[in-house]
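Engineer: following is a predicted model, sequence given first.
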Amino acid sequence: MFKDINIHDVAREARVSASTVSNVLNGRLDRMRPETSERVLRAIEQLGYTTNQLARQFRTGRVLTIGLIVPSVANPFWGYVARSVEEAASAQGYQVLLCNAERDPNCERRYAETLLASGVRGVIFGSSPLSFDHLAALAQRGLQILAFDRRIQHADEVVVDSVGIDNVLGAKLATTHLIGLGHRRIGLLSGPIRTVSRQDRLKGYQKALQEADIEIDQQLIWEGKPISGFGDAESAELGRLGAHELLSLPNRPTALFAINDMYALGAYAGAQELGFRIPEDLSIVGFDDLSPFAAIATPPLTTVRQPIQQMMRIAVEYLIGRLEKTRSSPPEQLIAAPELIVRKSTQKV
Ligand code: RIB
């Protein structure tokens with residue numbers, strides 16, 4: 001039988017004021033000591049306190065919401081991911097709460113705390129920072145974590161399942177395509193290379209050059225310094241700036257591999273501003289096959305496709321399977337195969 005516990009019972013149990021409990025429930029944790037919020041969450045759990053909506057969900061035994069924490073939907077890639085997650089989740093009767101955390105571990109933790117405090121037990125993290133340590137305490141309290149766009153590493157035991165693309169292979173496909181067209185001076189355009197996916201793309205680019213006996217020139221690896229965070233909201237602008245710098249080198253590249261399509265489209269602008277024609281003077285390859293931008297760009301962008309809709313369908317299926325306990329297999333890493341889509345932005349040197 002559901003017991004009618006109120007906010008004052010929780011406050012008494014946690015030895016805090018009712019307004020502190022309300023701050024925790026509403027995710028206002030900025031000025032709160034972690035021990036305080038943890039005491040409140042423990043009291044909530046011990047007493048079985050929930051908001052009315054949650055009470056209803058608890059009575060039915062199912063909380064029909066999952067969380068999605070992405071870097072920023074200001075980058076349309078993440079908007080497309082969010083739309084795909086929503087579609088897959090709603091087909092299973094779930095809704096999605098979306099948060100933009102700018103790949104900031106503290107921000108991710110705060111959002112995850114808020115979601116857990118609202119009864120959400122499963123969250124998809126898009127392209128998280130290098131480690132998941134900041135989420136360990138939440139995982140211990142029962143948060144199911146699915147990592148998207150992350151190769152799981154040794155210390156990531158807090159993650160249950162993961163879904164991603166083979167970034168090394170994808171970058172290798174892109175670079176090898178350019179080498180096959182006769183390019184030897186190939187630049188890499190990126191923001192900070194501090195996520196697993198970016199590190200893997202750098203590896204794939206370097207591998208392709210090494211296998212073709214082309215010396216790796218560090219001058220051609222452009223790692224932009226964004227104004228804030230990892231530059232997800234500024235990708236196109238960073239691509240534009242990077243293209244300016246690389247194309248102004250005395251021995252300029254004849255081709256660019258961009259870490260994602262937004263960087264590639266920014267590079268279009270940068271190159272054109274300097275009077276370079278694509279692909280006659282400069283070939284460009286992106287990564288993502290961002291719909292619809294890659295296909296409708298002028299010229300249409302050669303890129304590496306990530307099958308986002310299928311990947312997100314699997315991610316949602318894995319996560320809901322864990323929540324509903326229909327999935328109890330050991331943690332799984334799904335690594336999708338990238339596909340090179342050759343359009344009109346690349347040609348023989
Ligand atoms: O910003 C989007 C890009 O960053 C995508 O390529 C995604 O895979 C991530 O790493």
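Structural biologist: Looks like it came in fine. Quantities reported herein were computed from a predicted structural model and do not represent experimental measurements.
Engineer: going forward, measure contacts and count neighbours with C-alpha atoms only.
Structural biologist: Fine.
Engineer: give me the buried positions along the host helix or strand of H244.
Structural biologist: In the assignment (DSSP states H and E), H244 maps to helix 235-247. Within helix 235-247, the residues that qualify as buried are 235-244, 246-247, counting by 16 or more other CA atoms under 10 Å.
Engineer: what lines up beside the helix or strand following that helix in the sheet?
Structural biologist: Downstream of helix 235-247, the first helix or strand assigned by DSSP H and E is strand 255-258. Strand 255-258 has these partner strands in its sheet, going by DSSP bridges: strand 186-190 (parallel), strand 283-288 (parallel).
Engineer: now do the helix or strand following the shortest one against strand 186-190, angle only.
Structural biologist: Pointing back at strand 186-190 there. Using DSSP H and E, the helix or strand that follows strand 186-190 in sequence is helix 196-211. Counting by axes from the mean of the first three to the mean of the last three CA atoms, to 10 degrees, helix 196-211 lies at 170 degrees to strand 186-190.
Engineer: can helix 196-211 be found next to the ligand?
Structural biologist: Yes: remark: helix 196-211 sits within contact range of the ligand at S197, by CA under 6 Å from any ligand atom.
Engineer: which outside residues touch that helix?
Structural biologist: 127, 129-130, 149-151, 167-176, 179, 188, 190, 193, 215-216, 259 (CA atoms under 8 Å, 6 or more residues apart in numbering).
Engineer: buried residues in it, which are they?
Structural biologist: For helix 196-211, by 16+ other CA under 10 Å, it's 196-198, 200-209.
Engineer: let's have those in a markdown table, adding pLDDT and distance to L47.
Structural biologist: Shown next, in a markdown table, are the buried residues of helix 196-211 (pLDDT from 0 to 100; distance: CA to CA, whole Å):
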| residue | pLDDT | distance to L47 |
| --- | --- | --- |
| V196 | 88 | 40 |
| S197 | 92 | 42 |
| R198 | 93 | 44 |
| D200 | 95 | 46 |
| R201 | 98 | 48 |
| L202 | 98 | 50 |
| K203 | 98 | 50 |
| G204 | 98 | 52 |
| Y205 | 98 | 54 |
| Q206 | 98 | 55 |
| K207 | 98 | 56 |
| A208 | 98 | 58 |
| L209 | 98 | 60 |
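Engineer: pick out whichever of those sits closest to the ligand.
Structural biologist: Nearest to the ligand, judged by CA to the nearest ligand atom, of the buried residues of helix 196-211 is S197 at 5.0 Å.
Engineer: hang on, the earlier thing: so which of the buried residues of helix 196-211 comes closest to R184?
Structural biologist: R184 lies nearest to L209 out of those, by CA to CA, at 8.5 Å.
Engineer: could you measure from that closest one over to V285?
Structural biologist: Distance of L209 to V285, computed by CA to CA, to the nearest Å: 15 Å.
Engineer: can you check L169 too?
Structural biologist: As defined by CA to CA, L169 lies at a distance of 14 Å from V285.
Engineer: comparing these two, which residue is more hemmed in?
Structural biologist: More crowded of L169 and V285, by other CA atoms under 10 Å: V285, with 31 against 21.
Engineer: okay, that one: pLDDT?
Structural biologist: For V285, the pLDDT comes out at 98.
Engineer: for it, name its beta-bridge partners.
Structural biologist: Judged by DSSP bridges, the bridge partners of V285 are F257, T302.
Engineer: returning to what we had before: a markdown table for the strands paired with strand 255-258, including distance to A264?
Structural biologist: A markdown table is the format used below for the strands paired with strand 255-258 (distance: least, CA to CA, whole Å):
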| stretch | distance to A264 |
| --- | --- |
| strand 186-190 | 8 |
| strand 283-288 | 5 |
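Engineer: please enumerate the helices of the stretch 51-200 of the chain.
Structural biologist: For the stretch 51-200 of the chain, applying DSSP state H, counting those that start in this stretch gives helices covering 52-60, 76-90, 105-117, 136-140, 167-180, 196-211.
Engineer: right, so those: which one is the most enclosed?
Structural biologist: helix 167-180 (a mean of 23; mean count of other CA atoms under 10 Å).
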